[in-house]
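Enquirer: Take a look and give me a structure for this.
(chains A, B and C)
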Amino acid sequence: MLSAEGLTHAFGPVRALDGISFRLEAGHTLAVFGPNGAGKTTLLRVLAGQLRPQRGRAEVRGGRAAIGWISHQSFLYGHLTVIENLRFWASLYGVKREARDRRAAELLTRLGLAERADQPVAALSRGLAQRATVARALMHDPAVLLLDEPFTGLDLAAAAELRRLLGELVGGGRVAVIATHNVDEGLELATDIAFQHRGRFVQLAPRAGRDRTQVADAYRKAVGVSGA
Amino acid sequence: MTLARKGRWTTLVGLVLLAAVYVRALAFTPIERTQGPAQKIYYIHVPAAIWTETAMILVGLASIFFLFLKDARLDSFAEASAEVGTAFATIVLTTGPIWGKPIWGTWWTWDARLTSTLFLFFLYIGYLLLRGAVADPGARARYAAVLGICGMVLVPFIHFSVYLFRTLHPMPIILKPSAPSLPGSMLATWGFSFAVFTVLYVGFVMQRYALARARQEVPHA
Amino acid sequence: MLERLKLAWVVARKDLLLEFRTRTAILSAVVFTALVLTVFNFGRDPTAVPTIDLAPSILWVTFTFAAMLALNRAFALELENHALEGLLVSPLSRTSLYWGKLIANLLFVTIVEAVGLPLFVLFFDVPVWHVLLPLVGVIALATVGFVAVGTLFSAMVIRTRFAELMLPVLVLPFLILPVAWAVQVTARLLAGRPLAEVAWWLRLLGAYDIVFVTLSTLLFPHTVDE
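Expert: This next block holds a predicted model:
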């Protein structure tokens, strides 16, 4: 469903991607752990088709329309209401009008935002805004989820909430790639783990029941920093 | 010999020949009847103006190829051509008023050629400012290419306006549809001068291009 | 093609909705227009130079300033909302994005011009009724030309230092030309010259528009994608 082959991309002298290859089948979630500057965002941008790599290729079945992108930036317009935002982004992904309103209602209820539908996004708390972001990303029922440091800026309660939400979303028929510098975030969601360091996957393996300590150790060995 | 060295030699040859143009223009070319000795600045002014325009077109062409081929050398050439074009535009904008003062009594006239060179000057300045304002080298090259292409496309519109506005400026005598209407000896001086400015353009661009390439190498050192 | 236009309208509508909600940009531009016209009034001596001679220049300088204000907002608002990346990751075609921004900018500038023109007529007592249609036509033609280029450049300029200063500097040559032609046409229209006399300039403006809208559409992807 998602494949990458020999992805290589440099920004000037900095190698953000240095020959990354992997495949992901439906139901798998890849957690990419790496320090800041390791090239995780670049990897996601290449997967999303927003950046053409200097070498190698990435393929996502269904193209951009099949991708839901969640990052610390919500992509929500502060002065528009929640429902207006959802409708706008859904149109860009080709969701037809009748399906749009139905899906919006569904998601808002499920995410506990139903009463806030007509409030401007700027009026929402960070945690609620993050839920609205998830709603935005799901409006077109994407088969692929790309998450770029989604927990940034969330307090403990909101982060726990997001982890719970994501737990419901991944698996099933979906493929997800979650990039983060913090081993705690996303570890439970992952079926496969990779450590990205200076543009390379230092380790790529199924998670296979390893616990947090084991992964943190392996991470530290792989990239030479603490994963805590 | 490195490119920069070759460039320097070329420029030196060009400058020597430029002196020769001056001599020929001042001493060996007849004085034009209606405009007097001041007309002689025409031999410097017009070739420089033509190269100002041509340099912009070359910036545009290099930019188009750059967007397709992504070769950094094309971007360096565009950068070099733009800087040299700016220098030539400055020559035109200074020699023009020097010519204009004795003939028309004012330093600046809004005639077509000076005005169009002023436009080109603004285009060049904008291009150089844009290059200076973008930190990321990849984005800088892309953005400059976009601006360069727009600038190149604007040139015919600018040039065309010469035929549209009422103008004080002598209509193009050489670059017009019918045959050039300068008498033999003057045409020869003009042709010589144009060739010299071509040599100067090439020499300056070679040096500037070499510098741009050297700057690109440094981060990788 | 139709799909692209529909999506362009979705983008434009979103921009206009945002603009309408905040109202700051449009109000600033309108107030600015009124201010500029007022300043011009104090600067002239109607006994020395008849208003009708200065009128075209005054009108177009005013429109130019207002357009500069308008152009900056197009991509600045995406940056403010951190939404540009989202737009680029979505399946939205770059053409639709550019046209959407272009339409929004054109509507925005048109609103400012629609307020500016009556104010101009009022302040300077210039009769325009007899030439209203061709006058609106030339205003439209010139506006499309420089807004097309300005929209393209605004996408580049937001990532540079001194963005608000860079945009006018870069757009200047591309703006002076159509405005200069428009001033010529405006002067002749206000002086009651026959339409045939200005046909040349109108055709030139039309050609300029077609060339630069097409070119900007083609070049836009290079300003947002790598």
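Enquirer: lowest average confidence, helix or strand, in chain B?
Expert: Lowest by mean pLDDT, DSSP states H and E among the helices and strands of chain B is helix B:3-23, with a mean of 83.
Enquirer: Quick check: the residue of chain A nearest chain B.
Expert: The minimum distance from chain A to chain B, using C-beta to the nearest C-beta, falls at A:Pro13 (5.0 Å). For glycine as for every other residue, the C-beta is placed from the backbone atoms N, C-alpha and C.
Enquirer: ok, how many other residues are close to that residue?
Expert: Per other C-beta atoms under 10 Å in any protein chain shown, the neighbour tally for A:Pro13 reads 9.
Enquirer: what residues are up against the residue nearest the centre of chain B?
Expert: What sits nearest the mean C-alpha location of chain B, by C-alpha atoms, centre = their mean, is B:Thr52, with 2.1 Å. Counting by C-beta atoms under 8 Å, 6 or more residues apart in numbering or on different chains, B:Thr52 makes contact with B:Gly85, B:Phe88, B:Ala89, B:Val92, B:Thr117, B:Leu120.
Enquirer: and B:Trp107, how far is that from B:Trp99?
Expert: Note on B:Trp107: its distance to B:Trp99, by C-beta to C-beta, to the nearest Å, is 10 Å.
Enquirer: low-scoring pLDDT stretches of chain B, where are they?
Expert: Within chain B, the ranges that satisfy pLDDT under 70 run B:28-29, B:32-39, B:112, B:162-183, B:219-221.
Enquirer: How far away from the center of its chain is the helix or strand hosting C:Phe42?
Expert: C:Phe42 is located in helix C:24-43, with elements delineated by DSSP states H and E. In terms of C-alpha atoms, centre = their mean, to the nearest Å, the centre of helix C:24-43 is found 15 Å from the chain centre.
Enquirer: That helix near chain A at all?
Expert: No - using C-beta under 8 Å from any C-beta of the partner chain, helix C:24-43 never reaches chain A; the gap is at least 10.6 Å.
Enquirer: That helix - what's its average pLDDT?
Expert: Averaged over helix C:24-43, pLDDT sits at 86.
Enquirer: And the contacts of it?
Expert: Counting by C-beta under 8 Å, 6+ apart, C:19-20, C:54, C:58, C:61-62, C:65-66, C:69-70, C:73, C:108, C:111-112, C:115-116, C:119-120, C:123-124 sit against helix C:24-43.
Enquirer: what about the helices in the chain?
Expert: In the absence of a named chain, chain A is used. A:40-47, A:82-92, A:97-110, A:126-138, A:156-169, A:212-223 (DSSP state H).
Enquirer: please go with chain C instead
Expert: C:2-22, C:24-43, C:51-80, C:84-89, C:94-124, C:132-157, C:163-190, C:195-224.
Enquirer: The residue nearest the centre of chain A and A:Ala137: what is the separation?
Expert: Per C-alpha atoms, centre = their mean, the C-alpha nearest to the average position across chain A is that of A:Leu147, at 0.9 Å. Plainly put, A:Leu147 is 9 Å away from A:Ala137 if you go by C-beta to C-beta.
Enquirer: What of B:His45?
Expert: From B:His45 across to A:Ala137, the span is 62 Å (C-beta to C-beta).
Enquirer: do B:Phe122 as well
Expert: 45 Å.
Enquirer: between those two, which one's more packed in?
Expert: Higher neighbour count among B:Phe122 and A:Ala137: A:Ala137, with 25 against 18, using other C-beta under 10 Å.
Enquirer: So which bits of chain C are right by chain A?
Expert: Neighbours of chain A within chain C, by C-beta under 8 Å from any C-beta: C:7, C:10, C:14, C:17-18, C:21-22, C:81-83, C:85-92, C:225-226.
Enquirer: Could you list which of the residues you listed also contact chain B?
Expert: The residues of those that also fall near chain B, by C-beta under 8 Å from any C-beta, are C:Glu226.
Enquirer: more neighbours, B:Trp107 and B:Trp99?
Expert: The neighbour count for B:Trp107 versus B:Trp99, taken as other C-beta under 10 Å, is higher for B:Trp99 (20 against 10).
Enquirer: What strand or helix carries the more buried one?
Expert: Assigned by DSSP H and E, B:Trp99 falls within helix B:72-104.
Enquirer: helices or strands next to that helix in the packing?
Expert: Judged by 3 or more C-beta pairs under 8 Å, 6 or more residues apart in numbering or on different chains; DSSP states H and E, helix B:72-104 is in contact with helix B:42-69, helix B:112-133, helix B:137-161, helix B:184-217.
Enquirer: The third one near chain C anywhere?
Expert: Yes - using C-beta under 8 Å from any C-beta as the criterion, contacts between helix B:137-161 and chain C involve B:138-139, B:142-143, B:145-147, B:149-151, B:153-154, B:157-158, B:160-161.
Enquirer: what stretches of chain A score poorly on pLDDT?
Expert: Using pLDDT under 70, the flagged stretches of chain A are A:225-228.
Enquirer: ok, back up a step: buried only: go through the contacts of helix C:24-43 for me.
Expert: With burial judged by 16 or more other C-beta atoms under 10 Å in any protein chain shown, the buried subset of the contacts of helix C:24-43 is C:19, C:54, C:58, C:61-62, C:65-66, C:69-70, C:73, C:108, C:111-112, C:115-116, C:119-120, C:124.
Enquirer: how many neighbours does residue 208 have?
Expert: All of this refers to chain A. Quick note: A:Ala208 (other C-beta under 10 Å) scores 8 neighbours.
Enquirer: meant chain C, my bad for not saying
Expert: 24.
Enquirer: Quick check: closest non-adjacent residue to it.
Expert: C:Gly145 (4.9 Å; C-beta to C-beta, 6 or more residues apart in numbering or on different chains).
Enquirer: Next one: the one you found from B:Ala25, what distance?
Expert: Distance of C:Gly145 to B:Ala25, given as C-beta to C-beta: 41 Å.
Enquirer: For these two, indicate the residue with more neighbours.
Expert: Here C:Gly145 and B:Ala25 are set side by side on neighbour count (other C-beta under 10 Å), and the busier one is C:Gly145, at 27 against 21.
Enquirer: And the more buried one, how close does it get to C:Phe32?
Expert: 21 Å.
Enquirer: try A:Ala190
Expert: Separation of A:Ala190 from C:Phe32 (C-beta to C-beta) stands at 54 Å.
Enquirer: do the same with A:Arg23
Expert: For A:Arg23, the distance to C:Phe32 - C-beta to C-beta - is 57 Å.
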